[in-house]
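In: below are the sequence and a predicted model for it; my questions follow.
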Amino acid sequence: MPLPQLADIVTTLDLTETGDDTFVADQIDNADHHIIGGHIAAQALMAASRTTTGRLPHSVHAYLLRAGDARYPVQMRVSRLRDGGTLSTRQVTAHQGGEILLEALASFSAPVDSAEYQRSMPDVPDPDSLPAVGEQLRGYADEFGGFWVRPQAIERRYVDAPPRLAMDLPSPPERTRMWWRPAESVPDDPVRNACLLTYVSGTTMLETAVTMRRTSQLAAFSALIDHAVWFQRPADLSDWVLSDQVSPSGIHGRGLASATMYNRAGQLVCTATQELYFGRDRSR
């Protein structure tokens, strides 16, 4: 089955309104028919955004309860929990076939003038000086039907070894830093921007956890349990974004991962954290 293209992801963020604060979200099917956690989390943020005006997302916290079936759409219900002077809070429940797949809280903020500070961006090579991931993994082109070298919706340039290369290193790198950008142009819309950041962070942080486990995302079962993103500013998705990813803990079949993302100018774009479930080690 072909990998999702950027147009598929962008199109499925355009939810269909079916009533007061209720929406239908089409999914992107895959070989396992499991709904991708980062994708449905991005759709939940979009659903919440459709019920707010004049305020932009500053955070989303999602719990993924069931995998769902990507062959069928998902219904989303938004509850308006609060609209204050500066902040608005929404709860999103995603369900399919009578079962709840996701519960999320999203918060939105009006602009506020205040002092600003941030952690500095790591000193890393410029993305234009790094090889494309297809070149790095050319030696593994025969694995998994050529997955490693197939064009993807998100273009990547790795500073540290990607998971498949890291498997062959004496010890795994402690961080997975990579530059990324959409493979095609996307609309310059701050809400869609936040949703795409949710999607990308939800799908790429897996890599740092599997690297620490000395495996790859295709060689081990994994499921996203929860995912949280804080949005500092919209990213310029016409240019490269640096994601500095680390997995500080792996215990009881769970892997914790976090990422900080910066634009090319060194400004902090978003901060994300997630926990993944890898299940029992079936080799024992």
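Out: The structure has been received and is ready for your questions. Numbers count the residues shown, from 1 in each chain.

In: helices of the stretch 101-250 of the chain, start to end?
Out: In the stretch 101-250 of the chain, the helices defined using DSSP state H, counting those that start in this stretch lie at 133-136, 163-166, 190-204, 206-212.

In: E17 is nearest to which of the ones you listed?
Out: helix 190-204 (14.9 Å; C-beta to C-beta). Any C-beta I mention is one placed from the backbone N, CA and C, and that applies to glycine too.

In: distance between that closest one and the chain's centre?
Out: 6 Å (C-alpha atoms, centre = their mean, to the nearest Å).

In: could you do stretch 58-77 as well?
Out: With C-alpha atoms, centre = their mean, you get 13 Å for stretch 58-77.

In: buried stuff in that stretch?
Out: For stretch 58-77, the neighbour count (16 or more other C-beta atoms under 10 Å) marks 58-70, 73-77 as buried.

In: filter those down to just the ones in strands.
Out: Counting by DSSP state E, the part of the buried residues of stretch 58-77 found in strands is 58-64, 74-77.

In: and of those, the nearest to A48?
Out: Nearest member of these to A48, counting by C-beta to C-beta, is V60, at 7.5 Å.

In: quick one: contacts for the closest one?
Out: 41, 44-45, 48, 104-107, 194, 198, 228-229 (C-beta atoms under 8 Å, 6 or more residues apart in numbering).

In: which pLDDT value goes with it?
Out: At V60, the pLDDT value in this model is 98.

In: partner residues bridging it?
Out: A106, V229 (DSSP bridges).

In: which of the ones in strands among the buried residues of stretch 58-77 lies closest to Q91?
Out: For these, the nearest to Q91 is R77 (8.7 Å; C-beta to C-beta).

In: isn't the closest one right up against T22?
Out: Yes: with contact defined as C-beta atoms under 8 Å, R77 reaches T22; the gap is 5.3 Å.

In: low-confidence ranges in this structure?
Out: 1-2, 216-220, 280-284 (pLDDT under 70).

In: domain ranges for it?
Out: Here the chain is described, according to the TED database, as comprising the domains 1-110, 127-283.

In: which one, of those domains, ends up nearest to R119?
Out: Of all the domains of the chain, domain 127-283 comes closest under C-beta to C-beta, at 6.9 Å.

In: just give me how far that closest one sits from the chain centre.
Out: Centre to centre, stretch against its chain (C-alpha atoms, centre = their mean), the figure for domain 127-283 is 8 Å.
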